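A.B. asks: Please work out how this folds:
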Amino acid sequence: VQLQASGGGLVQAGGSLRLSCAASGRTFSSYVMGWFRQAPGKEREFVARITWSGTNTYYLASVKGRFTISRDFAKNVVYLQMNSLKPEDTAVHYCGARPVDVGTYNYWGQGTQVTVSS
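C.D. replies: This next block holds a predicted model:
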């Protein structure tokens, strides 16, 4: 199984970025896909998740209303659209996958850096 994250970059506060996570190596129909982030000196934190069916999403409170997680069945890609970015969103962002009936993410992408300047 491989997860390939991309789309990070440098953006000014108030700007937008769209992260992508390309998944391959198995069928993800019974998986939950998530985005996490880790800022310097801090622990990795949950940002958003979506069931592969797309029927269920959940967000970190501080990003709700600004970020949107979605997936493309045909391309096996999960997206994180990030709008109204703030300097505190600066972090390495990771995508992860876990079986829907398991609480632990067991597949991870390599991370993509998001930097928001003030």
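
A.B. asks: what about the nearest residue to residue 95 once chain neighbours are set aside, how many residues close to it?
C.D. replies: Closest residue in space to residue 95, ignoring its immediate chain neighbours: residue 21 at 3.4 Å, by C-beta to C-beta, 6 or more residues apart in numbering. Glycine gets a C-beta too; all of them are placed from N, C-alpha and C. Counted with other C-beta atoms under 10 Å, residues neighbouring residue 21 total 26.

A.B. asks: same deal with residue 109?
C.D. replies: Neighbours around residue 109, by other C-beta under 10 Å: 23.

A.B. asks: ok, it to residue 83 distance?
C.D. replies: Applying C-beta to C-beta, to the nearest Å, the value for residue 109 to residue 83 is 22 Å.

A.B. asks: Residue 32 too?
C.D. replies: With C-beta to C-beta as the criterion, residue 32 and residue 83 are 23 Å apart.

A.B. asks: between those two, which one's more packed in?
C.D. replies: residue 32 (21 against 14).

A.B. asks: ok, that one touching residue 53?
C.D. replies: No. Using C-beta atoms under 8 Å, residue 32 makes no contact with residue 53, being 9.9 Å away.

A.B. asks: Please, where are all the strands along the chain?
C.D. replies: 2-6, 9-12, 17-24, 31-38, 45-51, 57-59, 67-72, 77-82, 91-99, 107-108, 112-117 (DSSP state E).

A.B. asks: can I get those strands in a markdown table with mean pLDDT?
C.D. replies: Output for the strands of the chain, formatted as a markdown table (pLDDT from 0 to 100):
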| stretch | mean pLDDT |
| --- | --- |
| strand 2-6 | 95 |
| strand 9-12 | 98 |
| strand 17-24 | 96 |
| strand 31-38 | 96 |
| strand 45-51 | 96 |
| strand 57-59 | 97 |
| strand 67-72 | 95 |
| strand 77-82 | 96 |
| strand 91-99 | 96 |
| strand 107-108 | 95 |
| strand 112-117 | 98 |
